[in-house]
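Q: Curious how this folds, go ahead:
(one chain, ligands or ions: 1)
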Amino acid sequence: MNRVRASAPQLAGLVPYDPKYLPARAFLSANENPRDVDAEVRELISRRIASVPLNRYPDPLANGLRDMIAEANGLDRSCVLLGNGGDELLFDLALAWGGPGRTCLNFPPTFSVYAANARLTNTAVVDIARREDFSIDEEATFERLAVGDIDYVVVASPNNPTGLRAPQDFLERLLDATDALVMVDEAYFEFSRSTVRPLLATHENLVILRTFSKAFSLAGVRLGYILANPGVINEFLKVRQPYSVDAVSQAVGEVVYEHRARFEPGIREIIEERGRVMEALRTTVGVRPYPSDSNWILFNMEDAGAAWASLYENGVLVRDFSATPLLEGCLRVTIGTPEQNDEFIRLLRAFVAERGQKRAQAARA
Ligand code: PMP
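A: This is a model prediction of the structure:
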């Protein structure tokens, strides 16, 4: 066997992204919608797909879907760009606004893909750690921005995995304070009912990320989009893969977006269930949930790693952050169907009760 020379130096020590998928009965680890698209929409999708030419390249800009999204948001088509999931557009952000000699501002703990993309593109990362309650340290942020070397900022709102959205007035002051491109990642905004979209009219440095993966039950299809002013979209156009949104995904996205009102009851159910799961966690001994504007709840507890394993052994997969810096002792549970949520709560309480009994026995021994 001959040898291969080393890959690019920025890859040294890098671990490929691992969503930590494991087979489970209740899959509460990836912040997906627990309900698939309904039977009627699926039938419409099947019919639409049947007429998609597979021998032709797709419309590179997915203009059909682009126009629908533009219209729904009161924007021109030139303010919208589709991508192969939000993930592609996050990578495009780092390609277009990052690079050697460039710097991004990040608010850990947050979605790990932001820092990974910066590293891949040789972009320097300035971290402003969140406070103990996971709110953004606003004073430190404005102080750091005043240095003038930040090229782009990413703020998830709501923030994954901590849960709350960023205050609207902070985002507006952030946009006013800098000419850096500010990406507000609204992947979960349907569950927070809050968007900075109106600020596009006054801020050229704003770009908003959205996805079909969560509220619209299409994580399997890979569709995301950005909203921004045309000058910003144009820079993304320079770096994107020409045919990243395939013809089948475009067809599926068009049908789902056309029928997006049908997803509203499911979104409402998730928001209601979030309240119920939050209350159950709050009243479970030794468990400290963090407030959430999204479709998951982060919580802290002793023996979090053992709790994760116990849940998993019983068929419920949640996300284990217990060994992640700044998130020690934390697990994240996605809001599932009411039945899945009941099962999760029952198993977590059983774990806590059993641990309590073992401790009491140990104390007596
Ligand atoms: N942003 C955040 C905060 C996310 O959690 C995710 C999905 N995990 C994404 C963006 C990307 O989602 P997708 O690529 O499925 O659109």
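Q: What residues does W308 make contact with?
A: 318, 320, 322, 331 (C-beta atoms under 8 Å, 6 or more residues apart in numbering). In short, each C-beta sits where N, CA and C put it, glycine included.
Q: From the residues you listed, list the ones also adjacent to the ligand.
A: By C-beta under 6 Å from any ligand atom, no member of these lies near the ligand.
Q: from these, which is closest to K20?
A: Nearest to K20 among these: D320, at 7.2 Å, using C-beta to C-beta.
Q: Can you flag which of the contacts of W308 belong to strands?
A: 320, 331 (DSSP state E).
Q: which of the contacts of W308 sit farthest apart?
A: It's V318 and S322 that sit farthest apart of these, by C-beta to C-beta, at 10.7 Å.
Q: what does the stretch 151-300 of the chain have sitting close to the ligand?
A: 156, 160, 185, 187, 211, 213, 219, 224.
Q: Give me the buried entries from those residues.
A: Neighbour counting with 16 or more other C-beta atoms under 10 Å marks 156, 160, 185, 187, 211, 213, 219, 224 as buried within these.
Q: export those residues to TSV and tack on distance to D303?
A: Output for those, formatted as TSV (distance: C-beta to C-beta, whole Å):
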residue	distance to D303
A156	28
N160	24
D185	32
A187	31
T211	34
S213	32
A219	30
G224	37
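Q: biggest helix in this structure, by residue count?
A: helix 338-364 (DSSP state H).
Q: Just the buried residues of that helix, please?
A: Buried residues in helix 338-364 (16+ other C-beta under 10 Å): 340-345, 347-349, 351-352, 355.
Q: Check stretch 102-115 too.
A: Neighbour counts over stretch 102-115 (16+ other C-beta under 10 Å) mark 102-111, 113-115 as buried.
Q: That stretch and the ligand, are they touching?
A: Yes - judged by C-beta under 6 Å from any ligand atom, stretch 102-115 comes into contact with the ligand through F111.
Q: for that stretch, the distance to its chain's centre please.
A: 13 Å (C-alpha atoms, centre = their mean, to the nearest Å).
Q: And the contacts of that stretch?
A: Applying C-beta under 8 Å, 6+ apart, the external contacts of stretch 102-115 come out as 17, 87, 90, 94, 97-98, 118, 123-130, 134, 136, 141, 144-145, 149-156, 159-162, 180, 185, 321, 324-327.
Q: Kindly recompute the last result at 7 Å.
A: Applying C-beta atoms under 7 Å, 6 or more residues apart in numbering, the contact partners of stretch 102-115 are 17, 87, 90, 98, 118, 123-130, 136, 144, 149-156, 159-162, 185, 324, 326-327.
Q: So for it, mean pLDDT?
A: Average pLDDT, stretch 102-115: 97.
Q: cool, stretch 217-226 as well?
A: Taken as a whole, stretch 217-226 has an average pLDDT of 98.
Q: cool, and stretch 239-251?
A: Mean pLDDT, stretch 239-251: 97.
Q: Please enumerate the helices of this protein.
A: Going by DSSP H, the chain shows helices at 39-50, 63-72, 85-97, 113-120, 138-145, 168-177, 189-192, 230-239, 247-258, 264-282, 304-313, 338-364.
Q: contacts for the first one?
A: The one in question is helix 39-50. Helix 39-50 is contacted from outside by 248, 251-252, 255-256, 259, 262, using C-beta under 7 Å, 6+ apart.
Q: for the shortest one, same thing?
A: Defining contact as C-beta under 7 Å, 6+ apart, one finds that helix 189-192 is touched by 158, 165, 195, 210, 214-215, 267, 270-271, 293-295.
Q: now do 8 Å
A: Contact with helix 189-192 is made by 157-158, 165, 195, 210, 214-215, 267, 270-271, 274, 293-295, as judged by C-beta under 8 Å, 6+ apart.
Q: which of these sit farthest apart?
A: Longest span within the contacts of helix 189-192, C-beta to C-beta: R210 and R274, 19.9 Å.
Q: of the two, who's got more company?
A: Neighbour comparison, R210 and R274: the larger count goes to R210, with 27 against 21 (by other C-beta atoms under 10 Å).
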